[in-house]
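# here is a sequence with its predicted model. Questions after.
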Amino acid sequence: MAKILSIVTTAISLSACHAFVAPGSVRANDVRLSAKLEGRDIDGVVTPTNNFILVKLAPVEDETEGGILLTGSAKIKKTEGTVISVGPGKTHQESGLLFPMPVETGEGVVYGKYDGTELDYEGEKHTLIRDDDVLVKFSGDKLTLESADVVSDNVLVKVEDNEEETASGLVIAATAKKGSKPSTGEVAKVGPGKMASNGEIMTVDIGVGDMVKFRDFAGNEVSIEGGEFAVVKMTDILAKF
């Protein structure tokens, strides 16, 4: 519990405190928080600090696309939600330049399975994530390939599902084989690039439609419109063809 409190207090500031904002930058949106930490109710103005993002979690799915009702632990918990408020951003360690935040209030985001610190806000589940945790952002109510985009030097890859057939005719997908995970595919989206110490954006030398090979287990899996994708850092891409 003490660890959770420590993370939350570094990510947000209460009404008695103020987040650091670089001269000339715009303050992040203030958010009302009703949460319980270490048995105490907190009611005050909260602002994500640094590069933290406050996200309202998407509802837990209790029914499959085929109409099967799910109960208990079988319910599908999404690592997806809507941006409620963002911090001012982090500064570059050498130059002191402020990294712009890659998302805005109202956008949808998908983040890593183990990322974020959950908290209750106005009776609903929210989480605080870092800008680096964002795998995909999207506009509108639903994640689609058309509305999806990647941030920084991330690349969205439609992974190849190389199936194999056993002697008895049983088809085994690559993702089902022990120790196996797809590491090749076609580039679907490319991020703008990473910011250098002088503030310039270093563009990614990969284009939509390129076939790429990336490091085994380097990509973060994302499902979009029933298709399997991987979000991969540019530095983890080994070759294109």
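Structure's in. What do you need?

# from here on, contacts and neighbour counts on C-alpha atoms
Noted.

# OK, contacts around residue 227?
Counting by C-alpha atoms under 8 Å, 6 or more residues apart in numbering, residue 227 makes contact with residue 158.

# from memory residue 139 sits against residue 150, does it?
No. Applying C-alpha atoms under 8 Å, one finds residue 139 not in contact with residue 150, separated by 12.0 Å.

# higher neighbour count, these two?
With neighbours defined as other C-alpha atoms under 10 Å, residue 139 and residue 150 compare such that residue 150 has more, 24 against 16.

# quick revisit: any common contacting residues for residue 139 and residue 150?
Shared contacts of residue 139 and residue 150 (C-alpha under 8 Å, 6+ apart): none.

# now the helices: where do they sit in this structure?
2-11 (DSSP state H).

# what's the weakest-modelled helix or strand in this structure?
The weakest-scoring helix or strand in the chain, judged by mean pLDDT, DSSP states H and E, is strand 171-172 (a mean of 47).

# okay, now residue 95: neighbour count?
Neighbourhood size, residue 95 [other C-alpha under 10 Å]: 11.

# my bad, should have said residue 209
Using other C-alpha under 10 Å, residue 209 is surrounded by 14 other residues.

# ok, it touching residue 185?
No. With contact defined as C-alpha under 8 Å, residue 209 does not count as touching residue 185 (9.5 Å).

# residue 98 against residue 90, yeah?
Yes. With contact defined as C-alpha under 8 Å, residue 98 counts as touching residue 90 (5.8 Å).

# residues contacting residue 95?
If you count contacts by C-alpha under 8 Å, 6+ apart, residue 95 has them with 197-198.

# please consider this matter closed, and thank you.
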